[in-house]
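Q: Attaching a predicted model along with its sequence, questions to come.
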Amino acid sequence: MIPSKALKLERWLFTPAPAERLAALRILFGLYGVIWSVARLPAHLGHADQVATRWEPIGFLAPFGDPLPSPVVVALAIGTPLLGLAYAAGWRFWASGPAFAVALLALTTLDSSWGMIFHTENLMVLHVVIVALAPGAAHSLSIDWRRRTRSQTTGAVISIPAHGRYGWPIRLATVVIVLAYMLAGIAKLRGAGVGWGSGEILRNLVAHDNLRKALLGDTYSPVGNLLVAHTPWVFTPLAVATLAVELGAGVLLLGQRWRTAWAATAWLFHLGVVASMAILFPYQLSGVAFAPLFRVERLKPMRWLAMRLAGSTQRPSTAAARVDLRFSPSG
Amino acid sequence: MVRTEDDVGMGRRERVWAMVVVVVMVLAVALPGVRTLLEHDAADGFPLSTYPMFVSDRGRVVQQATVVAVGPDVTEPLAPDDPVERLSPTQIANTDQVVRAATTVRAMVRAGSASARELCEEVAERVPAPATLVVVTEKFDSISWAADNSVDPLERTEHAHCEATG
């Protein structure tokens, strides 16, 4: 006898969602990964020039005792955005999905394998991996889908009913957001106790971070310095708000209004971080990190794409058509 | 308009796959955080992290290792109020990430004077001559610095110096 709570959880997980929504997330995550890896190309190529004695591999790269050979670094740096384009386009997604996920994981892990672990790309990688593992991610708004429907039908417009196979990856992507933020909040309380909310630690952290940037010739935040020097009281509400955003991420599981409110607050939180510390979380500030919380298939570019793809397959037909949606892990 | 017929529903194999992915992913993301509840200094990782950012109180007095440039052929130890030129993270550690540059310098300083010298000579190749490069640890009151960026360090300790060759 399966407990009723487990059944409720399963029902929640497999709540039907439109294929277009999962596809829109695939496009957003893929395009973001492409833009990120292109923007960081010089830095990624620079991994081939690092001092070998500073190699401290972690995670995926931990088994590699020596730095990756230069040709591998170059292949990763150049190949990742290309794979990202295929991922976003849903082209041969059975291969491009996992390949892009692995390449992106390798590249981001490489960034953190020189003695310093970064925390700005965790969600991006997790989201890309989740969608890569979703067999239905290329069932809409994709080259694969366009090719498949042309070969299986007479070319009439196809509509895909909402289904749990498109819902569970979106639910999982949401749960991962909840976990990431809640863990960050828990870490603060675990490390410093509720005293973290007094604001003094946050004030010292802002001051320290800006000072470190200045001493190492980097851009720092004059706004942060002003707050530290002249309005120290502001760090108490800022610290409380930080903990509220992080520990309160669980509201994402309650409903759309909660999701919208939390996403807006979290975005403002990251805006505050860049304003006071010149620390950029581009995945969050672009909004893509919060895309699983919304009906992104309704975005104008997605609707335009859907209409374009529908129009290109539309030919007069009176015959009923069946599209083969039988499951395989490769989609 | 044609409707698809998904007459197989979500089959057992597909459902099992989904459940496996969900359980593995949730556990993988959550476990590092759970470990911090048991071990105070549980190791961080990527992309599965303990999210240790902004956790510890650094205090207001900060010691930061860095590499600075002064006029050429300087042999006297730098005083706290001696003017210095700040180098970029790229010049210091061949990276655009300031935190990685800071970590690199700190590690080389902690490893001893030979490593600090090695770092100095490495940086020297990336800084145009003529200049003297000095690997230092500077101590600041970070709150006072925030109020006035021109304050001098409370202390400045030299670890190595060399001439730029770039």
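A: Great, that's in hand.
Q: who touches A:Arg21 in this structure?
A: If a contact means C-beta atoms under 8 Å, 6 or more residues apart in numbering or on different chains, then A:Arg21 has A:166, A:170, A:295-297 as its contacts. For glycine as for every other residue, the C-beta is placed from the backbone atoms N, C-alpha and C.
Q: Likewise for B:Ala18?
A: With C-beta under 8 Å, 6+ apart, B:Ala18 has these contacts: A:13-14, A:165, A:168, B:10.
Q: Nearest the geometric middle of chain B, what residue?
A: B:Val99 (2.4 Å; C-alpha atoms, centre = their mean).
Q: distance of that residue from A:Val125?
A: Separation of B:Val99 from A:Val125 (C-beta to C-beta, to the nearest Å): 19 Å.
Q: circling back to that earlier point, now the contacts of A:Arg21: which count as buried?
A: The neighbour count (16 or more other C-beta atoms under 10 Å in any protein chain shown) marks A:166, A:170, A:296-297 as buried among the contacts of A:Arg21.
Q: on that earlier part again, turn the contacts of B:Ala18 into JSON lines, including distance to A:Thr149.
A: Shown next, in JSON lines, are the contacts of B:Ala18 (distance: C-beta to C-beta, whole Å):
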{"residue": "A:Leu13", "distance to A:Thr149": "28"}
{"residue": "A:Phe14", "distance to A:Thr149": "24"}
{"residue": "A:Arg165", "distance to A:Thr149": "17"}
{"residue": "A:Trp168", "distance to A:Thr149": "23"}
{"residue": "B:Met10", "distance to A:Thr149": "20"}
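Q: and which of these is nearest to A:Leu285?
A: Nearest to A:Leu285 among the contacts of B:Ala18 is A:Trp168, at 27.6 Å by C-beta to C-beta.
Q: pretty sure that closest one contacts A:Arg11?
A: No - assessed by C-beta atoms under 8 Å, A:Trp168 is found out of contact with A:Arg11, at 11.1 Å.
Q: neighbour count winner among these two?
A: Comparing A:Trp168 with A:Arg11 by other C-beta atoms under 10 Å in any protein chain shown, the one with more neighbours is A:Trp168, at 29 against 10.
Q: give me the element that one is part of.
A: helix A:164-192 (DSSP states H and E).
Q: Show me where the chain has its helices.
A: You didn't pick a chain, so chain A it is. A:4-13, A:19-39, A:41-45, A:70-89, A:93-111, A:122-132, A:143-152, A:164-192, A:200-215, A:222-230, A:235-247, A:256-277, A:282-285, A:300-313 (DSSP state H).
Q: wait, chain B
A: Using DSSP H, helices in chain B cover B:12-38, B:89-93, B:98-110, B:113-124, B:142-147.
Q: for the second one, what is the average pLDDT?
A: It stands for helix B:89-93. Helix B:89-93 carries an average pLDDT of 96.
Q: what's that helix packed up against?
A: Here helix B:89-93 touches strand B:61-70, helix B:98-110, going by 3 or more C-beta pairs under 8 Å, 6 or more residues apart in numbering or on different chains; DSSP states H and E.
Q: Is stretch B:44-53 positioned near chain A?
A: Yes - residues of stretch B:44-53 are located near chain A by C-beta under 8 Å from any C-beta of the partner chain, namely B:44-53.
Q: same question, stretch B:63-81
A: Yes - interface with chain A: stretch B:63-81 contributes B:64, B:66 (C-beta under 8 Å from any C-beta).
Q: Enumerate the positions of that stretch that are buried.
A: B:64-70, B:74, B:78.
Q: for stretch A:77-85, same thing?
A: By neighbour count with 16+ other C-beta under 10 Å, stretch A:77-85 contains the buried residues A:77, A:79-81, A:83-84.
Q: For chain B, name the helix or strand with the lowest mean pLDDT.
A: strand B:2-3 (a mean of 38; mean pLDDT, DSSP states H and E).
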